[in-house]
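> Fold the stuff below for me.
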Amino acid sequence: MSDSRGREWQAVQRWALVVAAVGIAVCAAGAFWQRQAFFAGLLVGWMYWTGIGVGCLGLLLLNNVTGGAWGAAIRRQLVAGASGMALSAVLFLPLVAGLSDLYPWARPDVVTHDPMLQHKQPYLNVPFFLARAAGYFFVWLALLGYVGWRERRAARTGAPRDQRGVRLASAQGLLLYGLTVTFAAVDWGMSLEPHWTSHIYGVLLMIGQALSGLAFCTAALLLLPTRAVERPLPPASSRQDLGTLLLAFTMLWAYMALSQFLIIWYANIPEEATWYLRRTQGGWQWAAGALVALHFFLPFALLLSRQLKRNPRALAAVAVGLLAMRWVDLVWLIEPAFDREGTFVPWLDLAATAAMGGLWIAFFAWRMGRSEGAQASDATKAVDRRAVSTEAAV
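Down below sits the predicted model:
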């Protein structure tokens with residue numbers, strides 16, 4: 001049975017790598033067409049998949065602190081998704097070559113004629129930016145490794161002290177997680193337009209990442225090879241918990257997005273209001289409307305239904321829809337920062353997301369296959385130990 005699951009995950013890997021190859025080919029062609037659009041697409045794709053991995057880490061820590069059957073249902077998916085941060089750290093390297101194409105503060109000629117950028121230069125400069133990025137990934141991966149070690153130790157000993165140690169480490173990790181994710185959101189997203197600031201932006205992206213991670217793990221649980229005969233779906237109550245948590249994060253994301261909009265709009269400060277004007281004109285108003293309708297109202301209405309949350313196909317469809325809208329949200333946040341002539345067509349964003357997503361999902365499938373194999377091996381060893389003890393008793 002473990003062999004069949006391994007083959008299924010290998011099939012997922014192969015298809016993901018095919019998608020990645022196609023995406024890379026399209027991106028390579030786009031790099032010659034327009035350099036800035038190419039790097040903007042890379043940023044969208046990279047932040048999308050990195051956000052899923054970082055969101056999985058946050059959910060893992062949250063479940064360790066609060067408990068809940070929903071965490072047990074998607075435990076392996078959360079660990080495999082959070083492990084994807086190692087790949088995201090590697091995929092960050094191509095973006096380094098395009099920092100001056102993406103960020104105004106990375107262009108010396110722009111900084112020279114901009115007093116505000118000169119004022120922010122001690123923080124917004126390339127060496128410090130790269131050092132902070134390395135620091136974020138170091139903290140996230142160290143948290144994942146340390147908490148994982150504490151969990152394995154607690155599972156091996158079963159001691160209450162070790163169980164408390166897992167909760168304490170996760171609670172402390174959540175503080176570091178919140179701090180680093182907020183700074184990373186400011187660095188990678190908000191500093192695209194360094195004249196604009198929002199105290200809610202970091203929290204908004206952090207909630208979006210948690211929603212992305214939860215939606216991805218829910219979809220993976222219900223759609224990918226874990227649905228094999230030897231591993232049935234989790235009980236309806238666990239599916240309902242996952243749906244309820246999706247609803248909660250959807251509502252929290254909408255609340256933060258509306259709060260940011262109202263605060264900036266009513267303040268009516270030109271430097272701040274311009275950020276929203278860019279995203280409500282020139283065709284972007286349709287993306288904004290889609291986010292309101294499909295990122296909040298539709299999933300909100302659907303996830304109110306207890307029957308829908310217990311239906312695996314319906315819940316998986318809602319999760320996939322939320323993943324799609326999370327991508328639209330990132331495009332809406334990032335692309336209007338660049339002045340483009342004519343109608344914007346996000347083909348490079350799609351290609352870059354497919355390229356990085358293919359690699360990311362292949363890595364995820366590899367980790368899931370290892371997790372399934374390790375679990376099957378542990379089960380076999382347990383059966384062998386019981387057989388030996390029975391024979392000895394006889």
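
> Pull the number of nearby residues for W275.
21 (other CB atoms under 10 Å). C-beta here means a position set from N, CA and C on the backbone, and glycine is covered the same way.

> Can you tell me which helices and strands the helix or strand containing it packs against?
Secondary structure assignment for W275, by DSSP states H and E: helix 270-278. The contact analysis (3 or more CB pairs under 8 Å, 6 or more residues apart in numbering; DSSP states H and E) places helix 270-278 against helix 236-267.

> For the helix it packs on, give the mean pLDDT please.
The average pLDDT for helix 236-267 rounds to 95.

> Between helix 270-278 and it, find me the angle.
For helix 236-267 against helix 270-278, the angle by axes from the mean of the first three to the mean of the last three CA atoms, to 10 degrees is 130 degrees.

> next one: helix 236-267 to chain centre, how far?
The chain centroid and the centroid of helix 236-267 are separated by 16 Å under CA atoms, centre = their mean, to the nearest Å.

> pLDDT weak spots in the chain?
1-6, 225-231, 341-343, 373-394 (pLDDT under 70).

> how far away is the residue nearest the centre of the chain from E8?
Central residue of the chain (CA atoms, centre = their mean): I52, 1.4 Å from the mean position. Distance from I52 to E8, counting by CB to CB, to the nearest Å: 21 Å.

> ok, back up a step: ok and the helix or strand hosting the residue nearest to the centre of the chain relative to helix 236-267, angle-wise?
I52 belongs to helix 35-66 when elements are defined using DSSP H and E. With the same axes, to 10 degrees defining the directions, helix 35-66 sits at 130 degrees from helix 236-267.

> Buried ones in helix 35-66, by neighbour count?
Neighbour-count burial for helix 35-66 flags 37-64 (criterion: 16 or more other CB atoms under 10 Å).

> what does the helix or strand that that helix is followed by contact?
Note on helix 35-66: by DSSP H and E, the next helix or strand toward the C-terminus is helix 69-73. Contact with helix 69-73 is made by 59-60, 63-64, 78, 221, 234, 237-239, 241-242, 245, as judged by CB atoms under 8 Å, 6 or more residues apart in numbering.

> And stretch 45-54, by the same measure?
81-85, 87-88, 91-92, 95, 140, 181, 184, 188-189, 205, 208-209, 212-213, 216, 326-327, 330, 334, 349, 352-357, 360.

> let's see 6 Å
Contacts with stretch 45-54, where a contact means CB atoms under 6 Å, 6 or more residues apart in numbering, come from 81-82, 84-85, 88, 91, 209, 212-213, 216, 327, 330, 352-353, 356-357, 360.

> Then stretch 146-153?
With contact meaning CB under 6 Å, 6+ apart, stretch 146-153 is reached by 162, 165-166, 169-170, 173.

> Now the phi/psi pair for R107, please.
Main-chain dihedrals, R107, degrees, to the nearest 10: phi -110, psi 110.

> May I ask which helix or strand encompasses the closest residue to it other than its chain neighbours?
Spatial nearest neighbour of R107, chain neighbours left out: S100 (5.1 Å); criterion: CB to CB, 6 or more residues apart in numbering. Secondary structure from DSSP H and E places S100 in helix 99-102.

> Could you do A317 as well?
helix 312-334.

> for A287, same thing?
Assigned by DSSP H and E, A287 belongs to helix 284-290.

> buried residues in the helix or strand where R150 lies?
Element membership for R150, per DSSP H and E: helix 126-157. Burial within helix 126-157, assessed by neighbour count using 16+ other CB under 10 Å, is assigned to 129, 132-133, 136-137, 139-141, 143-144, 147, 150-151, 154.

> Please apply the same query to stretch 311-331.
311-312, 314-323, 325-331.

> Likewise for stretch 269-282?
272, 275-276, 278-279.

> go on, stretch 97-109?
Residues of stretch 97-109 classed as buried by neighbour count (16+ other CB under 10 Å): 98, 100-106.

> Can you lay out these as CSV showing distance to F249?
CSV is the format used below for these (distance: CB to CB, whole Å):
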residue, distance to F249
G98, 31
S100, 35
D101, 33
L102, 28
Y103, 29
P104, 32
W105, 32
A106, 33
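
> count of neighbours near the nearest residue to A314 once chain neighbours are set aside?
Using CB to CB, 6+ apart and skipping the chain neighbours, the partner closest in space to A314 is L308 (4.6 Å). L308 has 18 neighbours, counted by other CB under 10 Å.
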